[in-house]
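> let me see the structure of the following:
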Amino acid sequence: MPEANIDAQCRAARVLLKWTREKLSEASGIDVRTIANIELGNTVPRDSTAAKLRRAMEAAGVEFQSGETGAGVRLRPR
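Predicted coordinates:
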């Protein structure tokens, strides 16, 4: 996830999955408070933390996108 957009992408991915922060915490092994601080823009996660969050959401069907028009997320087509 691009560092500048990780907070927005994490929130958006959770909404698409209909996951609570608690569910993402269970799936990723990252503390709920850490997830909240990332999503609120209060902290920039370590690369390893961002990778754990991304892997958990990708395993559930989220695709992370980035390009000239910006970054985003979507559910993988079934």
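
> flag the shaky bits of this protein, pLDDT-wise.
Counting by pLDDT under 70, the chain contains low-confidence ranges at 1-4.

> residue nearest the centroid of the chain?
Residue closest to the average C-alpha location in the chain (Cα atoms, centre = their mean): Cys10, at 2.7 Å.

> so how far is whatever helix or strand Ile38 lives in from its chain's centroid?
Secondary structure from DSSP states H and E places Ile38 in helix 32-39. Between the centre of helix 32-39 and the centre of its chain there are 10 Å (Cα atoms, centre = their mean, to the nearest Å).

> repeat that for stretch 61-78.
Taking Cα atoms, centre = their mean, the mean C-alpha location of stretch 61-78 is offset from the chain mean by 11 Å.

> ends of it, what's the gap?
Start and end residues of stretch 61-78 are separated by 9 Å (Cα to Cα, to the nearest Å).

> before we move on, what about stretch 65-78?
For stretch 65-78, the separation between the terminal residues is 17 Å (Cα to Cα).

> what comes up buried for that stretch?
71, 73 (16 or more other Cβ atoms under 10 Å). In this view, the C-beta of every residue, glycine as well, is placed from N, C-alpha and C.

> list the contacts of Lys18.
With contacts defined as Cβ atoms under 8 Å, 6 or more residues apart in numbering, Lys18 has no neighbours.

> pretty sure Gly72 is in a helix, no?
No: per DSSP: H, G, I helix; E, B strand; the rest coil, Gly72 lies outside any helix segment and is strand.

> before we move on, what SS does the nearest residue to it once chain neighbours are set aside have?
Once flanking residues are discounted, Gly72 sits nearest to Gln65: 4.9 Å by Cβ to Cβ, 6 or more residues apart in numbering. Assigned by three-state DSSP, the conformation of Gln65 is strand.
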